[in-house]
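> sequence unknown, structure follows:
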């Protein structure tokens, strides 16, 4: 999905938290996007179906079913749906949990999934009877105790600070089938190949080729989630054959595209 095909929708207005851990369920159609915003509390975005993207100023993250994005208080972000998606947000008071102050993608455990599901079954905060209030507090306590134990996953597509480098990355993201060499791309963006390599190393701490492969992986996640055939994805990413694309995907994820889709479907059924 290119930069021209997003439809901005209103960010849900929440003035204050009624409890230390507040849940909200949301469905989004493919291409819908909450514009850049932030919250005065922490947020956990759990994808229960479909695939989301969390866009920061400096990086993009993909959130597939079975994953969640940890967004600390005050982090400006935009949330978009790469395919029709359902997700649950947990808004958590700043003083209720000890978590890193950086965005992380977490693998959702079976326990966390059940805790979120149980919390979703309760009435809106403030309408609890005494027994329900105690149950809510117990669920919230388990959630804030369990979240710090979930290991982070390396799932960011980072963006460089340098304007020319960012323009190059944006162009490649929009046209991932562009197979020009690093030297040709550098010349097209007014720099030498050596300068391109140095700026990628300084800005992103990774070689240009590694960034390009990660970008292709992100586009593959997006298009697989939309149900596009593997052959079409391979060609649109610039691979000469589907087998070459499948090899890249398996090397990066440990799964073939079809295995990734089956795992994603299984996680969605459990959510």
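Sure thing, it's come through. Since the model is a prediction, treat every value here as computed from it, not as a measurement.
> Show me the strands in the protein, by range?
Secondary structure of the chain (DSSP state E): strands at 7-9, 21-28, 32-37, 42-49, 52-55, 59-63, 67-71, 77-81, 85-92, 104-107, 152-153, 156-158.
> quick one: the residue lying closest to residue 167 once chain neighbours are set aside from residue 180, how far?
Here the nearest residue to residue 167 in space, its sequence neighbours aside, is residue 189; by CB to CB, 6 or more residues apart in numbering that works out to 6.3 Å. For glycine as for every other residue, the C-beta is placed from the backbone atoms N, C-alpha and C. Between residue 189 and residue 180 the computed distance is 11 Å (CB to CB, to the nearest Å).
> So which of the two has more stuff around it?
Neighbour count, other CB atoms under 10 Å: between residue 189 and residue 180, residue 189 has more, with 17 against 13.
> The more buried one is in contact with residue 170, isn't it?
No. Taking CB atoms under 8 Å as the definition, residue 189 is not a contact partner of residue 170, at 10.6 Å.
> Grab the nearest non-local neighbour of residue 233.
Distances taken as CB to CB, 6+ apart place residue 223 nearest to residue 233, at 4.8 Å, with adjacent residues excluded.
> Equivalent analysis for residue 196, please.
With CB to CB, 6+ apart, the residue lying closest to residue 196 is residue 186, at 4.0 Å.
> Now do the contacts for the residue nearest to the spatial centre of the chain.
With distances taken as CA atoms, centre = their mean, residue 62 lies nearest the centre of the chain, 2.6 Å away. Contacts for residue 62 (CB atoms under 8 Å, 6 or more residues apart in numbering) come out as 51-54, 82, 105, 155, 157, 218, 221-222.
> from those residues, which two are the most distant?
Maximum pairwise distance among the contacts of residue 62 (CB to CB): 15.4 Å, between 105 and 222.
> Extract the residue ranges of this structure that are flagged as low pLDDT.
1-4, 155, 267-271 (pLDDT under 70).
> Helices along that one, start to end?
Counting by DSSP state H, the segments of the chain that form helices are 110-120, 130-146, 163-174, 182-188, 193-204, 208-225, 230-236, 242-253, 257-270.
> Now the residue nearest to the centre of the chain: closest residue in space, sequence neighbours ignored.
residue 221 (5.1 Å).
> sorry, back to before: any chance of the helices of the chain in a markdown table, plus distance to residue 19 and mean neighbour count?
Below are the helices of the chain laid out as a markdown table (distance: least, CB to CB, whole Å; neighbours: other CB atoms under 10 Å):
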| stretch | distance to residue 19 | mean neighbour count |
| --- | --- | --- |
| helix 110-120 | 10 | 16 |
| helix 130-146 | 7 | 15 |
| helix 163-174 | 39 | 17 |
| helix 182-188 | 51 | 15 |
| helix 193-204 | 40 | 16 |
| helix 208-225 | 33 | 20 |
| helix 230-236 | 43 | 17 |
| helix 242-253 | 37 | 16 |
| helix 257-270 | 26 | 15 |
